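1. got a predicted structure here, sequence first:
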Amino acid sequence: MDAREILEAVAQGGMKVEDALQKMPLPDTNLGFACIDHDRARRRGMPEVIYAQGKTIAQLLDIIRSLLDHKQNAFATRVSPEQAAAVLKEFSAAVYHEAARAITVDCTELPEPAGLVAVVCAGTTDIPVAEEAALTASRMGAQVERVFDVGVAGLHRIAAHLPMLRKCRAIVVAAGMEGALPSVVGGLVHCPLIAVPVNTGYGAGGQGLAALLAMLNTCVPGISVVNIDNGFGAGVCAAMINRTGILNGDTP
């Protein structure tokens, strides 16, 4: 019995409170090496997401299995090709999203896409981070549009997408090098923008630090900045903004 069935049984007089307390499922599953939070979907609107980097294949498989056993979809980020191959072999429903370096195993339907979130990136080398953001936002119920390779070296490229960008509830912009693109886009739109510095570029700025500092120092109000390469965090933030707009009945 799940929590709802137990509470209904108590309400209808078919179960004592003491018995219900014994049967009530715990919100966490302790696997020894990981404690899986099965209540996160209720609290946050999305089940726990697995950060696969640094985990063994056995650990990754066990966590996915625990989520599926609780009828929750599994979503793992920063998945290596070797990890992906093992998950694909173990679970027939698994899908490897190579560009996003992520894998999903779904056992329940995802929410219908709604609202509008755009994920923009400056160059082709920024696509893995941008795809991670796009996949994350879409799994949280956002309709996502991708705009790739529109960096400031050719400003005319972003202009063609402005009509769509101005309809968005939130925009994610990923950029490496000097990290200028979020400021450019932020000065042209009226919705919240989440900037993602990317670990690409030459010399001293090549680890994403130059882009991070540039984004933190933007003069454009309404821009928030996540950590270097954190496409996942940006996607979550954009999806939550989008979801708030849906609940409020706003028109994108």
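-> Structure received.

2. what about residue 173, which helix or strand?
-> According to DSSP states H and E, residue 173 maps onto strand 170-175.

3. cool, residue 215 as well?
-> Going by DSSP H and E, residue 215 is part of helix 209-216.

4. list the helices and strands whichever helix or strand comes after that helix packs on?
-> Counting by DSSP H and E, the next helix or strand C-terminal to helix 209-216 is strand 223-225. Helices and strands touching strand 223-225, by 3 or more Cβ pairs under 8 Å, 6 or more residues apart in numbering; DSSP states H and E, are helix 181-186, strand 193-197, helix 209-216. Any C-beta I mention is one placed from the backbone N, CA and C, and that applies to glycine too.

5. how does it look with 7 Å?
-> Judged by 3 or more Cβ pairs under 7 Å, 6 or more residues apart in numbering; DSSP states H and E, the packing partners of strand 223-225 are strand 193-197.

6. that older thread, may I see the buried residues of the helix holding residue 215?
-> Across helix 209-216, burial judged by 16 or more other Cβ atoms under 10 Å covers 210, 211, 212, 214, 215.

7. now the angle from it to strand 193-197?
-> If you take axes from the mean of the first three to the mean of the last three Cα atoms, to 10 degrees, helix 209-216 sits at 160 degrees to strand 193-197.

8. beta partners for residue 142?
-> Beta-bridge partners of residue 142, counted by DSSP bridges, are residue 114.

9. now do the spatially most central residue of the chain against residue 39, distance only.
-> In the chain, the centroid-proximal residue (Cα atoms, centre = their mean) is residue 136; its distance is 2.7 Å. Distance from residue 136 to residue 39, counting by Cβ to Cβ, to the nearest Å: 20 Å.

10. next one: residue 171
-> 31 Å.

11. residue 132 now?
-> From residue 132 to residue 39 the distance is 25 Å (Cβ to Cβ).

12. between these two, which one's more packed in?
-> Between residue 132 and residue 39, counted using other Cβ atoms under 10 Å, the more crowded position is residue 132 (28 against 15).

13. in contact with that one, which residues?
-> 77, 100, 101, 102, 231, 232, 235 (Cβ atoms under 7 Å, 6 or more residues apart in numbering).

14. got the phi and psi for it?
-> Note on residue 132: its backbone torsions stand at phi -60, psi -40 [degrees, to the nearest 10].

15. ok, now how distant is the closest residue to it other than its chain neighbours from residue 119?
-> Residue nearest to residue 132 in three dimensions, not counting chain neighbours: residue 231, with 3.3 Å by Cβ to Cβ, 6 or more residues apart in numbering. Distance of residue 231 to residue 119, given as Cβ to Cβ: 8 Å.

16. okay, stretch 40-52 in PDB with CA atoms only?
-> The C-alpha coordinates for stretch 40-52 follow below in PDB (Å, rounded to 0.1, in the frame of the first residue of the first chain):
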ATOM      1  CA  ARG A  40      11.400  14.600  -3.500                       C
ATOM      2  CA  ALA A  41       8.900  14.300  -6.300                       C
ATOM      3  CA  ARG A  42       6.100  15.500  -4.000                       C
ATOM      4  CA  ARG A  43       8.200  18.300  -2.500                       C
ATOM      5  CA  ARG A  44       9.900  19.500  -5.600                       C
ATOM      6  CA  GLY A  45       7.800  18.200  -8.600                       C
ATOM      7  CA  MET A  46      10.600  16.000  -9.800                       C
ATOM      8  CA  PRO A  47      12.200  12.800  -8.400                       C
ATOM      9  CA  GLU A  48      15.700  12.700  -7.200                       C
ATOM     10  CA  VAL A  49      18.200  13.100 -10.000                       C
ATOM     11  CA  ILE A  50      21.400  11.000 -10.000                       C
ATOM     12  CA  TYR A  51      24.800  12.500 -10.500                       C
ATOM     13  CA  ALA A  52      26.600   9.600 -12.100                       C
END
